[in-house]
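S.K.: Curious how this folds, go ahead:
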Amino acid sequence: MKVAMIGYGKMGHMIAQAAALNGHEIVCSVDPFAKDATCVTGHADEMAARVKDSGAEGAIEFSHPSPVFANISALVPTGIPLVVGTTGWHDRLEEVRASVERYGTSLLYSSNFSIGVNLFYRIVSEAARLMSAFDEYDVALFESHHNQKADSPSGTALDLAHRVMESMPRKTRLVTDCFVRKPEPDELHLSSVRVGAVPGTHTVWFDSAADTIELTHTARNREGFALGAVRALEWLVAPNGEGNRKLGVYTMKDVFNDL
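M.R.: Purely as a prediction, here's the structure:
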């Protein structure tokens with residue numbers, strides 16, 4: 001498959017390497033700063049034109065929260081299947097969904113493409129469902145990442161929090177700031193730390209007066225994220241069960257449902 005890479009920093013290079021190892025060809029790489037990108041630009045329209053002209057059969061967007069929505073808006077009209085790993089735009093998901101439908105194309109987004117993290121999502125959801133029957137257990141989340149990460153809390157942590165809230169109806173409000181008062185019973189606290197070179201750690205605590213149950217996923221490196229993004233694009237480009245092109249907006253949950 002011919003692949004275009006939007007965002008050619010450390011993660012973009014790693015995804016490009018994972019794509020090559022899986023037999024794919026990077027025909028276009030776009031970044032406003034990377035000197036080794038085939039297109040050095042920060043303009044979304046120019047980026048989309050270069051991607052379309054490259055003959056790419058699929059595109060992966062791993063840039064930065066500030067340009068990601070503009071990048072998506074420019075890429076969707078090209079009709080090229082698009083995988084988006086950048087976060088910070090999900091509040092505009094319905095706009096993107098409408099655009100994808102209008103242009104008859106496909107997009108898959110996730111805050112984390114790691115196979116292990118997506119399994120962790122399911123484990124946490126099931127644990128929260130079991131714990132919801134026991135009011136003596138409270139729950140909280142913690143995440144830590146390297147000091148170059150641009151957003152806080154992480155998209156993965158937010159996904160985990162929403163999964164906990166879906167499975168524990170008594171938690172109805174998410175708090176990501178520090179507390180200067182005691183938390184209310186319906187509040188779910190999510191705290192974040194940015195330090196050093198930590199690839200990513202996410203922990204969910206279920207705590208009672210008697211004991212603590214702690215679930216943690218720790219990434220050793222970012223290779224799992226890169227390979228997962230490539231596999232997501234492979235899934236998106238492949239025909240659906242009826243042999244037709246996939247259309248619409250998908251997440252990694254859809255990929256796992258096909259496994």
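
S.K.: domains of the protein?
M.R.: Following automatic domain parsing, the chain resolves into domains at 2-113+223-257, 115-218.

S.K.: so which of the ones you listed is the most packed in?
M.R.: Ranked by mean neighbour count under mean count of other CB atoms under 10 Å, those are led by domain 2-113+223-257, which reaches a mean of 19. For the C-beta atoms, the positions are set from N, CA and C on the backbone; glycine is no exception.

S.K.: quick one on the thing from earlier: turn the domains of the chain into TSV, including mean pLDDT.
M.R.: Formatted as TSV, the domains of the chain follow (pLDDT from 0 to 100):
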stretch	mean pLDDT
domain 2-113+223-257	96
domain 115-218	96
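
S.K.: end-to-end on stretch 144-157?
M.R.: One end of stretch 144-157 sits 10 Å from the other (CA to CA, to the nearest Å).

S.K.: Oh, that last question was meant for stretch 101-116, not what I typed.
M.R.: Using CA to CA, the end-to-end distance of stretch 101-116 comes to 31 Å.

S.K.: Grab the nearest non-local neighbour of A48.
M.R.: Distances taken as CB to CB, 6 or more residues apart in numbering put A74 closest to A48, at 3.8 Å, once the chain neighbours are dropped.

S.K.: what sits against the one you found?
M.R.: A44, D45, M47, A48 (CB atoms under 8 Å, 6 or more residues apart in numbering).

S.K.: Centroid-nearest residue for the protein?
M.R.: The structure's the chain has its C-alpha centroid closest to S111; by CA atoms, centre = their mean the separation is 1.5 Å.

S.K.: which residues touch that residue?
M.R.: G85, T87, S154, G155, T156, L158, D159.

S.K.: I'd like a version of those residues in a markdown table, one that adds secondary structure and distance to A37 as further columns.
M.R.: Shown next, in a markdown table, are the contacts of S111 (DSSP: H, G, I helix; E, B strand; the rest coil; distance: CB to CB, whole Å):
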| residue | secondary structure | distance to A37 |
| --- | --- | --- |
| G85 | coil | 17 |
| T87 | coil | 22 |
| S154 | coil | 26 |
| G155 | helix | 24 |
| T156 | helix | 27 |
| L158 | helix | 29 |
| D159 | helix | 29 |
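
S.K.: That's all I had, so thanks and see you.
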